[in-house]
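Colleague: Sharing a model prediction with you, sequence too.
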Amino acid sequence: MALPAQAQTPEGKSVPYSARTRESRSAVERTASTRCISQATNALGDYSGPQAARENAAGAFFMACVLKQMPQDWPLARDMQEQAARMAVAARAADPNIDICLLTACKAEPGSQEATK
């Protein structure tokens with residue numbers, strides 16, 4: 001899936017977050033959040049481990065997914081990385097055998113609704 005026209009240069013390259021309009025920044029964040037909620041729901045649909053692991057894995061997956069979808073210069077990236085790491089550690093503590101992909105969104109891909117199926 002290509003980025004919206006306002007988020008690409010004429011050559012089709014991604015526009016840095018800082019160079020986007022306020023509306024474009026909000027749109028890219030909403031799109032990433034919506035996409036990642038769906039992907040996290042799909043990824044954890046069959047997980048049958050402890051509830052504490054599920055809750056923390058869902059948060060870690062969501063945040064890792066959003067990070068993969070946002071431009072490199074997204075100002076919230078560092079905070080989200082730190083929070084995702086804390087949630088991944090908590091999930092792993094509750095279930096040491098939890099699949100790493102549920103903690104890092106390794107199956108999530110930008111623009112893909114089906115990436116985790």
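Modeller: Received it, and whenever you're ready, just let me know what you need. Numbers count the residues shown, from 1 in each chain.

Colleague: Determine which residue lies closest to the centroid of this structure.
Modeller: What sits nearest the mean C-alpha location of the chain, by CA atoms, centre = their mean, is residue 65, with 1.5 Å.

Colleague: State the distance from the residue nearest to residue 83 when sequence neighbours are not counted to residue 77.
Modeller: Leaving out its chain neighbours, the residue that sits closest to residue 83 by CB to CB, 6 or more residues apart in numbering is residue 63, at 6.1 Å. (Glycine included, C-beta is placed from N, CA and C.) Distance, residue 63 to residue 77, by CB to CB, to the nearest Å: 10 Å.

Colleague: chain center to the lengthiest helix in the chain: distance?
Modeller: Across the chain, the longest stretch assigned as helix under DSSP state H is helix 22-43. Centre-to-centre, helix 22-43 and its host chain are 8 Å apart (CA atoms, centre = their mean, to the nearest Å).

Colleague: which other helices and strands contact it?
Modeller: helix 51-69 (3 or more CB pairs under 8 Å, 6 or more residues apart in numbering; DSSP states H and E).
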